[in-house]
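J.: Sequence first, predicted model second:
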Amino acid sequence: MSLSTRCPNCGTVFRVQPPQLSARGGKVRCGRCSSVFDGLAALVAQGGEPGDAPAQADSEPSPQLALFEAARKLPPVGGGDAANEDANAPGFMEEPPPARRRWGWGLAALALLAVLAAQGALYYRSELAVLVPQLRPQLAAACAILDCELRLPRRTKLMAIESSDLQADDRGENVIVLNAVIRNQAPFPQEYPALELTLTDERDQAVARRVLRPADYLSDASSGRIAQGIGAGADVSLRLFLDTDGLHAVGYRMYLFFL
């Protein structure tokens with residue numbers, strides 16, 4: 001015997017078998033509007049009202065009626081093995097347990113966080129190697145695999161020219177002397193920057209330009225000193241003598257950068 005139940009949301013009537021209702025406490029899903037309702041409370045007779053169950057036999061349940069809730073074991077039928085009513089349900093009617101979905105989203109979120117952390121560690125590898133020396137071996141090993149360099153930090157915004165001046169020198173008519181102080185404003189050591197010096201005329205037009213590397217402006221430009229970099233919050237004073245023979249320079253511009 002099949003019964004009929006009416007969706008209270010869209011009014012569509014479906015045929016349903018009593019085992020389907022008893023297996024899930026009466027909960028069903030409308031195949032037309034997808035709303036979930038109590039199929040027992042919405043039972044109707046042919047031409048009747050909700051609550052009146054029809055007495056006549058009917059054919060197979062409507063394929064538009066989807067069952068709801070988790071599977072439940074039915075007692076053994078005819079003395080045989082216990083049967084699971086969901087065994088005959090189509091695959092599209094089965095829903096994964098909510099807990100499994102939550103675990104899946106949680107694992108995906110953890111994987112994304114791990115990727116972001118790895119990218120951040122790679123980008124700030126120089127700072128991490130200085131601030132957390134214990135991580136240097138791991139960062140060096142990662143750079144060996146990813147073909148990157150593990151150098152001292154090079155943050156231009158944390159490096160400044162504190163003062164500078166250009167003066168004539170009494171050693172010769174065409175000799176000028178450049179004095180400057182470079183300060184590392186970072187809380188960690190940084191590489192020595194390069195300096196670009198531009199000499200200008202009365203109209204502030206460039207007449208000569210030169211890039212000075214650390215080996216050019218350090219008085220003791222040993223490889224060991226250059227490799228140590230400028231300490232956190234430290235200053236470096238430089239003094240350079242420049243030959244301006246053939247140049248009519250009255251001013252200058254200078255800025256620092258990293259090669």
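T.: Good, I have the coordinates. Residues are numbered from 1 along each chain as shown.

J.: Am I right that residue 241 falls within a strand?
T.: Yes. Assessed by DSSP: H, G, I helix; E, B strand; the rest coil, residue 241 belongs to a strand.

J.: From residue 45, how far off is it?
T.: 110 Å (Cβ to Cβ, to the nearest Å). The C-beta positions use only the backbone N, C-alpha and C, and glycine is treated the same way.

J.: Over to residue 152?
T.: Distance of residue 152 to residue 45, given as Cβ to Cβ: 86 Å.

J.: would you list every one of the strands in the protein?
T.: 3-6, 13-16, 27-29, 36-38, 43-44, 66-67, 159-168, 175-184, 194-200, 206-212, 235-243, 251-257 (DSSP state E).

J.: weakest of those in terms of mean pLDDT?
T.: The stretch with the lowest average pLDDT out of the strands of the chain is strand 66-67, scoring a mean of 48.

J.: the more surrounded of residue 152 and residue 45?
T.: More crowded of residue 152 and residue 45, by other Cβ atoms under 10 Å: residue 152, with 18 against 15.

J.: Tell me how far that one lies from residue 125.
T.: Distance from residue 152 to residue 125, counting by Cβ to Cβ: 11 Å.

J.: Give me the buried positions along stretch 160-171.
T.: Neighbour-count burial for stretch 160-171, with 16 or more other Cβ atoms under 10 Å as criterion, is recorded at 164, 166.

J.: my bad, should have said stretch 194-212
T.: Buried, per 16+ other Cβ under 10 Å, within stretch 194-212: 194, 195, 197, 198, 199, 200, 212.

J.: The fourth one and residue 208: what is the separation?
T.: For residue 198, the distance to residue 208 (Cβ to Cβ) stands at 7 Å.

J.: now swap in the third one and tell me
T.: Residue 197 sits at a distance of 8 Å from residue 208 (criterion: Cβ to Cβ).

J.: Kindly report the same for the second one.
T.: Between residue 195 and residue 208 the computed distance is 14 Å (Cβ to Cβ).

J.: try the first one
T.: When distances are taken as Cβ to Cβ, residue 194 and residue 208 turn out to be 17 Å apart.

J.: can you pull the pLDDT of the nearest residue to residue 140 once chain neighbours are set aside?
T.: In space, and not counting its chain neighbours, residue 140 is closest to residue 150: 5.3 Å by Cβ to Cβ, 6 or more residues apart in numbering. pLDDT recorded at residue 150 is 70.

J.: so how far is residue 125 from residue 150?
T.: Residue 150 sits 6 Å away from residue 125, going by Cβ to Cβ.

J.: ok, these two, which is more surrounded?
T.: In this view residue 150 and residue 125 are compared by other Cβ under 10 Å, and residue 125 has more residues nearby, 23 against 15.

J.: Just give me the neighbour total for residue 16.
T.: 22.

J.: wait, isn't it in contact with residue 28?
T.: Yes. Contact status for residue 16 versus residue 28: in contact at 6.7 Å, counting by Cβ atoms under 8 Å.
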